[in-house]
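S.K.: predicted model and sequence follow; I will ask about them next.
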Amino acid sequence: MEELLRRFLPIFLLMAIGFFAKRTKLFPDKFIEGLKSLIINVALPAVLFDAFSTMALQASYLLLFLLVFAYLSLLYLCGSGLRRLIPRTFGMPHTSGYMTGFEFGMIGVGLFGAIWGMDNLPVIILIAFGHELFIWFFYVPLISRSADKSFKLMETLGQLIKMPTIIAIILGVLVNLTGVRPLLLGNVFGQSVFAVIEFLKPVVSPLILIVIGYTMVFRRTDLGRTAAYILTRIVLVLGLGVITLLAVTRVIPGLNMPIFVQAFFAFILLPAPYILPLYIRDRKEADFFTQLLVYSTAVSLVGYGILIALSF
């Protein structure tokens, strides 16, 4: 119990700072938007670059990416099936979009880093890499189509390679594969860059957690339907997730270590992608899924508490 409190209480307190800052109007919304921009465009890319430039890469990880992609695709298909079979409860057009995908960038990094440490971030990034491929080349095209927005592959690729996080990952992999990191550390400029990264690493998780707390505004919603969506997603995510984890740890050497198992569950306990409401044209449906994601985030935090209790 003491270990659970030691790891989870700081997370709760940081989120409480953000939550009460919103309630008391301590920070203007523009400040939080600026903080989000700082995290997404500077702090998070720096951490990802460092993680990918130091992690051990091997060819068998390609199979991991494919298995994660297949897992997420199955979740999407399950969402489509629910919409057809139980339209009264799951009839909303974007049900499939809610049943798959995970909010790794704005929540996963912060929570995982705060609990397991930023040094272990490369472990969960192995899972996140296949997830990002799924999000940008499968998820976004499908929900764009359902929103009557045309999907253009070259335009999406152009946007993708301009994203600071993607640039950081690509540069990190290149530095890793070419083995130039020691050379970079051998001069003053390189040492300064990595020193800045070391300064940023400890503050990424706290900043993300404060932003999460600030954005968790609970409003009235259809509680019955909300509960049905959340519980169904939990069953699907955990059920198919366990099968995927067993497949991964059996066919890929070296991934049956406890930290990878913990990272996998930490990943699949995350809520659905926060970008989902952005692609919903119907105002009522967009409001429902926006609030659904808020409640899902609260449930995810409970799941993390259980995971911590079982892991330590």
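M.R.: Received it, and whenever you're ready, just let me know what you need.
S.K.: center of the protein - which residue?
M.R.: By C-alpha atoms, centre = their mean, the chain has its centre lying nearest to Phe104, at 0.8 Å.
S.K.: any idea how far it lies from Thr244?
M.R.: Separation of Phe104 from Thr244 (C-beta to C-beta, to the nearest Å): 16 Å. Glycine gets a C-beta too; all of them are placed from N, C-alpha and C.
S.K.: not counting sequence-adjacent ones, nearest residue to the residue nearest to the centre of the chain?
M.R.: Ala128 (4.9 Å; C-beta to C-beta, 6 or more residues apart in numbering).
S.K.: hmm, who's touching the strand or helix carrying that neighbour?
M.R.: Taking DSSP states H and E as the definition, one finds Ala128 inside helix 121-134. For helix 121-134, contacts defined as C-beta atoms under 8 Å, 6 or more residues apart in numbering pick out 47-48, 51-52, 54-55, 61, 64-69, 72-73, 100-102, 104, 108-109, 112-113, 116, 166, 169, 259-260, 263-264, 266-267.
S.K.: now swap in stretch 216-230 and tell me
M.R.: So stretch 216-230 is contacted by 15, 18-19, 22, 89-90, 95, 98, 287-288, 291-292, 294-299 (C-beta under 8 Å, 6+ apart).
S.K.: starting at the chain centroid, how far to that stretch?
M.R.: Stretch 216-230 sits 21 Å away from the centroid of its parent chain (C-alpha atoms, centre = their mean, to the nearest Å).
S.K.: end to end, how far does it reach?
M.R.: Taking C-alpha to C-alpha, to the nearest Å, stretch 216-230 runs 16 Å from one end to the other.
S.K.: in it, what's buried?
M.R.: Neighbour counts over stretch 216-230 (16 or more other C-beta atoms under 10 Å) mark 216, 221, 225-226, 229-230 as buried.
S.K.: follow-up on the earlier one: immediately after the helix holding Ala128, which helix or strand?
M.R.: Next element after helix 121-134 (DSSP H and E): helix 140-146.
S.K.: in that following helix, what counts as buried?
M.R.: 140-143.
S.K.: secondary structure class for the residue nearest to Leu293 when sequence neighbours are not counted?
M.R.: Nearest in space to Leu293, with sequence neighbours left out and distances taken as C-beta to C-beta, 6+ apart, is Pro271 at 5.7 Å. Assigned state for Pro271: coil (three-state reduction, DSSP: H, G, I helix; E, B strand; the rest coil).
S.K.: just the local confidence number for Pro271, please.
M.R.: pLDDT for Pro271: 96.
S.K.: kindly report the same for Ala168.
M.R.: 87.
S.K.: please name the residues that touch it.
M.R.: Here Ala168 is in contact with 44-46, 48-49, 52 (criterion: C-beta under 8 Å, 6+ apart).
S.K.: how near is Ile143 to Asp119?
M.R.: For Ile143 relative to Asp119 (C-beta to C-beta), the value is 35 Å.
S.K.: before we move on, what about Tyr274?
M.R.: From Tyr274 over to Asp119 (counting by C-beta to C-beta), the distance is 26 Å.
S.K.: pick out whichever of these two has more residues nearby.
M.R.: Tyr274 (17 against 12; other C-beta atoms under 10 Å).
S.K.: thought that one was touching Phe102?
M.R.: No - judged on C-beta atoms under 8 Å, Tyr274 makes no contact with Phe102 at a distance of 10.2 Å.
S.K.: helix, strand or coil for Thr290?
M.R.: Applying three-state DSSP: Thr290 is helix.
S.K.: spatially nearest residue to it, not counting backbone neighbours?
M.R.: Nearest non-adjacent residue to Thr290 (C-beta to C-beta, 6+ apart): Pro277, at 4.7 Å.
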